[in-house]
Every structure is written in C-alpha cells, then in structure tokens.
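[1] generate a structure from the sequence data that follows.
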Amino acid sequence: MPSPDSFAATALIGESFVGDGVNAAHTNVVIGRKGGPVETAWVTALATPSAGHVPFLTVVRPSVPVKPATLFVTKAAAAGELHERATWGSAQAGLAQGVLDAVTEGLIPAEEAEELLVIAAVWVNPGVDDLDASFRNQRAAAHGAVRAAVTGAPSVADVLDAAEQGPANPFYTPTAEVLAR
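    Next up, the predicted model:
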C-alpha cells in the first residue's frame, strides 16, 4: 500500500489539446499506481475492447513498452488506411515520446515508473492528413496532459476565469445570445 505521500497515491487526471484542424491531438490521461483503482480500470479497459475501439499497450518500438505502462485508448474508430497509420503509428509514437519526455523531465519520477500506470484516451481525427504533424501534436498533447495531471492544472480559479468568457472548444463555441439562455 503506497503512503499518502507517494507519487500518484490517488489518481492524477490531466487533459491537453494541441494543434489545429485535422492533425490536432486531444489527450486525456489518468495516472495511478499498480494495485489501486487505476490498475483495475487499466486492465478492464484492455480486456474489454468494443467495435472500433481496441485499447493497446503503447510501445516505443515493437516489444519495448513505455514505462510507466501506458494504455492507448482510441476515441475514434479507425476510418481508413491513413487514419489507421496515424492511430497506431504517429499518435502511438507521439504518446510514447510525450510520456517518456515527462519521465526524462522528472514530471513522472523514473524510480517510480515500474509501479505506475497511465491510461491515455487519444483523439485522432479521421481526416488526419499529415503523420509528422500528428506525431508532433500528440507528443505535445501527451506531455501537456501529464504535466496537467501532475501539477493539478488548471486551478479552480483558472477554470472560473475561463468560464467568465463562456465555454468553447474546437468543435463548438456558443454565441453570446445562446450563452445568455
């Protein structure tokens, strides 16, 4: 049983969106310890694929899984050859590199990596058209999501400040009229 002062003694949750258009990356992460609820979620997700959504262990290279063990969960079902290459290729490589960047930087303590698990829900747009841009954006999104999880960003004050301008995302921004009810 980890002490309450251990890294990721409770689940750490982070999000990051990087890039524009069809090559943008949106990544959500949950970081936790083996033997805890994150392990249950990690194993359950791996063992229960659904049509078009097959979670898999992220690798740096074939047969070299990332540490901490990172589960890649697709948000979009594969939709064509280039989208498949982006999901299993550039986005997986970007996720692997982003997590490893976080370990190298010390955001995730290297000495704890064997005891930790990461669940990453990854958006790859079915219209993706540039594998290099997909890799770069996913690498930055993975690193940003881990940073947010570890640092607890954004703060509640930051969320309340953003809420004053109203909700917005790359897919929808309500008009002032709609926002006013």
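[2] okay, CA-based contacts and neighbour counts for the rest of this
    Noted.
[3] Gly32 reaches Ala11, doesn't it?
    Yes - contact between Gly32 and Ala11 holds when scored by C-alpha atoms under 8 Å: they sit 4.8 Å apart.
[4] doesn't Lys67 lie inside a strand?
    No - applying DSSP: H, G, I helix; E, B strand; the rest coil, one finds Lys67 to be coil, outside a strand.
[5] how about Thr175, phi and psi?
    For Thr175, the backbone dihedrals (degrees, to the nearest 10) come out as phi -70, psi 170.
[6] looks to me like Ala8 is in a helix.
    No - assessed by three-state DSSP, Ala8 does not belong to a helix; its assignment is coil.
[7] and it, what pLDDT?
    According to the prediction, Ala8 has pLDDT 91.
[8] cool, and Met1?
    pLDDT, Met1: 57.
[9] do the same with Ala93
    The predicted structure scores Ala93 at 98 on the pLDDT scale.
[10] need the strands for the protein, in chain order.
    Assigned by DSSP state E, the chain shows strands spanning 12-18, 25-33, 56-57, 59-61, 64-65, 69-74, 116-124.
[11] what pairs with the fourth one, parallel or antiparallel?
    Translated: strand 59-61. Partner strands for strand 59-61, per DSSP bridges, with pairing direction: strand 64-65 (antiparallel).
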